[in-house]
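Trainee: kindly return the folded structure for what I paste below:
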Amino acid sequence: YVNGKAGERFAIRNSGAKIVVEGIGDHGCEYMTGGIVVSLGSTGKNFAAGMSGGIAYIYDQSQLFDTKCNLDMVDLETVWHQNDKLFLKTMIERHLYFTNSPLAKTILQKWDSQLPMFVKVMPIDYRKSLERMKMSEYPDIDTVAVTEEVFNG
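Mentor: As a prediction, this is how the structure comes out:
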């Protein structure tokens with residue numbers, strides 16, 4: 001939990017750390033392979049270049065983050081899934097607890113109106129891998145449903 005801004009190339013090659021910071025310089029999360037980064041402030045240019053794993057949540061008040069992000073290997077999403085919302089809020093609450101950050105306090109006080117300002121940065125291949133892993137946990141669900149429909153139909 002960093003109460004302040006980080007410099008250039010922050011979280012480069014991050015492979016597992018969970019981090020909250022209040023801004024990042026150029027080339028943030030470059031070559032990241034795992035972990036989670038939450039930025040409560042702006043980012044510099046070339047964010048996520050070579051990012052193949054992990055997830056980043058960026059507080060994008062200016063709505064210009066997409067112009068600073070290297071979109072070669074990542075997609076940008078809204079934070080809509082309940083698990084993402086809960087995780088993000090918990091990380092910001094911990095940040096407030098450990099740093100007494102005025103920024104975190106303001107975001108949490110206006111959570112419902114501030115949540116849409118967050119952008120989720122998700123590596124394309126990482127998402128595909130997670131989806132394949134999820135499918136391998138329950139490989140017969142779709143097959144059984146289709147078989148039952150054909151058999152009973």
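Trainee: pLDDT-wise, which helix or strand of the protein ranks last?
Mentor: Within the chain, no helix or strand scores below helix 141-152, which has a mean of 45 by mean pLDDT, DSSP states H and E.
Trainee: distance-wise, check Phe47 relative to Ile12.
Mentor: Note on Phe47: its distance to Ile12, by C-beta to C-beta, to the nearest Å, is 11 Å. From N, CA and C alone the C-beta is placed, and that goes for glycine too.
Trainee: now do Gly25
Mentor: 11 Å.
Trainee: with Pro102 instead?
Mentor: Counting by C-beta to C-beta, the gap from Pro102 to Ile12 is 28 Å.
Trainee: quick one: which of these two has more around it?
Mentor: Ile12 (15 against 11; other C-beta atoms under 10 Å).
Trainee: and for the residue nearest to that one when sequence neighbours are not counted, the neighbour number?
Mentor: Counting by C-beta to C-beta, 6 or more residues apart in numbering, Ile12 lies nearest to Glu30, which is 4.6 Å off, once chain neighbours are set aside. By the criterion of other C-beta under 10 Å, Glu30 has 20 neighbours.
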